[in-house]
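> Fold the following for me, if possible:
(one chain, ligands or ions: 1)
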Amino acid sequence: MSDDKFDVIVVGGGIAGTVASYLLAKEGLSVVLVERGNFCGSKNMTGGRLYAYSLEEVMPGFANEAPVERKVFKERISLLTMDQSVTLDVRSPKFAESGNDSYVVLRSSFDRWLGEKAESEGAMIVAGYRVDDLIVRDDKVCGIISNGEEMDADVVVLADGVNSLLAEKLGMKKPLRPEHVAVGVKEVIQLTRGEIDERFGLSGDEGCAWSFFGANTDGIQGGGFLYTNKDSISIGLTCNLQKLSEGSKPLMQLMNDFQSHPVVAPLVKGGNLIEYSAHLEPEAGAKMIPQLYGNGVLVIGDAAGLTLNLGHKVRGMDLAVISAQCAAQAILEAKSREDFTASSLRKYKDLLDVSSAIQNIEARDKYLEFMENPLLYNAYPLMIVDMLARLFVVKGGRAQTIFDDILKNIEALGKNQIENDFKAVKKL
Ligand SMILES: Cc1cc2nc3c(=O)[nH]c(=O)nc-3n(C[C@H](O)[C@H](O)[C@H](O)COP(=O)(O)OP(=O)(O)OC[C@H]3O[C@@H](n4cnc5c(N)ncnc54)[C@H](O)[C@@H]3O)c2cc1C
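Okay, the predicted model is just below:
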């Protein structure tokens, strides 16, 4: 730790913190990033898929240099019952077109690389130190306290993740509520490159992204994911924390059952578990966004609640980059005025409000109630999979038509329930 005063201290070496440090250091500001893990990314977790458009704007051509695993060319979505499945396999060159492209990443190497990029622009990375508290003088955040030592700055950027205790201490953020977050578990399972290519129908650096819904969360709001890395796969589940606590199975058991499912078991067969992690994910949309700016302080990335869980895709890393960009621009303008008060730093919120991050979160808020409908995670997948499975069964006697099946299912679920759900879909 140093006694010098910095222009900016960034707390947290995830995507949000490293990108903000990179942008600010590049413009000549003195920046120190403090990360509690041994290096940037060492404690970080994600499902695995980075939508590239926002980082591309900050670092054009980043994927040629960064440790990305594979570029996604193939999308699969599966609906599961306990022993049946329906899978949609979508493959399109559009996925790889510039602007649409996405990459599978492992955070420990990817964030570390982003930290090195920030360092190469002159940012100082202090790893292995947890920021315990903030220095507040005359109602302004003036620095940090770590391990009993103090460090001053004009602005402190809180990029300390979903559970930002520092924003909470400042009264900018409310404590997390279990119904507002999902808990995710992920395993990285090592396989050979050849096994991955063969099991997923890939070649070269092509990657596959696969989402799973239905029995794998035992009817709880959430889903499963699988991403192919170069020589491993990232596989996991997310479930709403409140609903999980009301359910009958612990997350680990759901994860074991998921990996034993007839569709998934052959994909992980013979692999070595090389990494296990669990993490919270904000999923309550705009109502999770805290106060974003104050005197001498900004909140970015997951600390600012900026994650979009759309079921078939989770987006948080691309939004972390957008918030880092908006914060960096606001700080640079504040620096030009030497005014780091809340009214000067408000520019960050103004920029974020018109960005695609907030626009998409607000658009997704319309779906929030719909996504909580428990039938989406049990009865409807079961109904669809069952009907499609029966389409292919011939056993003599009078054959059931798909219409017989639809009518039977409508009766079983209740006509009113289905009508209400259709009305809800129409409102979206
Ligand atoms: C299961 C799961 C699957 C997901 N899948 C995807 C996906 O496929 N694609 C996608 O785009 N997003 C996904 N997300 C969301 C995405 O991972 C997050 O949005 C993203 O990690 C946010 O980055 P961040 O930098 O804001 O926070 P984080 O990555 O959480 O980084 C916070 C950093 O702050 C550090 N820190 C915390 N407190 C302190 C302290 N007091 N002092 C010093 N350092 C501190 C931490 O060690 C960490 O390095 C997923 C999330 C989960 C949980």
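> Look up the residues forming beta bridges with residue 189.
Beta-bridge pairing for residue 189 (DSSP bridges): residue 233, residue 273.
> Setting aside sequence neighbours, what's the nearest residue to residue 130?
residue 36 (3.8 Å; CB to CB, 6 or more residues apart in numbering). Glycine gets a C-beta too; all of them are placed from N, C-alpha and C.
> Can you give me the distance of that neighbour to residue 44?
For residue 36, the distance to residue 44 (CB to CB, to the nearest Å) stands at 11 Å.
> Then residue 268?
23 Å.
> rewinding a little: okay but the residue nearest to residue 130 is in contact with residue 17, surely?
No: when contacts are counted by CB atoms under 8 Å, residue 36 is not listed as touching residue 17 (11.2 Å).
> three-state assignment of the closest residue to residue 292 other than its chain neighbours?
Leaving aside its sequence neighbours, residue 292 sits nearest to residue 349 (CB to CB, 6+ apart; 4.8 Å). Secondary structure, DSSP: H, G, I helix; E, B strand; the rest coil: residue 349 is helix.
> pLDDT score for residue 349?
Looking at residue 349, its pLDDT is 97.
> So if I had to pick from residue 36 and residue 17, which one is more boxed in?
residue 17 (32 against 18; other CB atoms under 10 Å).
> which stretches of the stretch 301-428 of the chain form helices?
For the stretch 301-428 of the chain, the helices defined by DSSP state H, counting those that start in this stretch cover 317-337, 342-345, 347-353, 356-365, 368-371, 379-391, 402-413, 415-427.
> show me the contacts for the spatially most central residue of the chain.
Centroid-nearest residue in the chain, with CA atoms, centre = their mean: residue 316, separated by 3.9 Å. Contact analysis of residue 316 by CB atoms under 8 Å, 6 or more residues apart in numbering lists 46, 281, 282, 301, 302, 306, 307, 308.
> Pull the contacting residues for residue 221.
Applying CB under 8 Å, 6+ apart, the residues near residue 221 are 182, 239, 240, 243, 371, 372, 374, 376, 377.
> Surely residue 166 touches residue 134?
Yes: using CB under 8 Å, residue 166 is in contact with residue 134, at 5.9 Å.
> circling back: closest to the ligand among the contacts of residue 221?
The nearest member of the contacts of residue 221 to the ligand, counting by CB to the nearest ligand atom, is residue 182 at 6.9 Å.
> how about low-confidence regions in the chain?
For the chain, applying pLDDT under 70 flags the ranges 1-3, 415, 417-428.
> which non-adjacent residue is nearest residue 62?
residue 55 (5.5 Å).
> burial count for the one you found?
Close neighbours of residue 55, defined as other CB under 10 Å, add up to 25.
> just how off-centre is the strand or helix carrying it within its chain?
Taking DSSP states H and E as the definition, residue 55 sits inside helix 53-58. Offset of helix 53-58 from its chain centre (CA atoms, centre = their mean, to the nearest Å): 17 Å.
> Likewise for stretch 82-101?
On CA atoms, centre = their mean, the centre of stretch 82-101 falls 18 Å from that of its chain.
> buried sites along it?
Neighbour-count burial for stretch 82-101, counted by 16 or more other CB atoms under 10 Å, picks out 84, 85, 86, 95, 101.
> Closest one to residue 192 out of those, please.
When these are ranked by distance to residue 192 (CB to CB), residue 95 comes first, at 24.4 Å.
> Is it correct that the closest one falls within a strand?
No: applying three-state DSSP, one finds residue 95 to be helix, outside a strand.
> Contact partners for it?
Contacts of residue 95 (CB under 8 Å, 6+ apart): 72, 73, 74, 75, 101, 102.
> Tell me which of the residues you listed fall in strands.
The members of the contacts of residue 95 that map onto strands under DSSP state E are 72, 73, 74, 75, 102.
> from memory the first one sits against residue 205, does it?
No: between residue 72 and residue 205 no contact is recorded; they are 10.3 Å apart, counting by CB under 8 Å.
> Which one's more surrounded, those two?
Using other CB under 10 Å as the criterion, residue 72 and residue 205 rank with residue 72 on top: 24 against 14.
> contacting residues for that one?
Contacts of residue 72 (CB under 8 Å, 6+ apart): 49, 95, 96, 101, 102, 103, 104, 207, 208, 209, 227.
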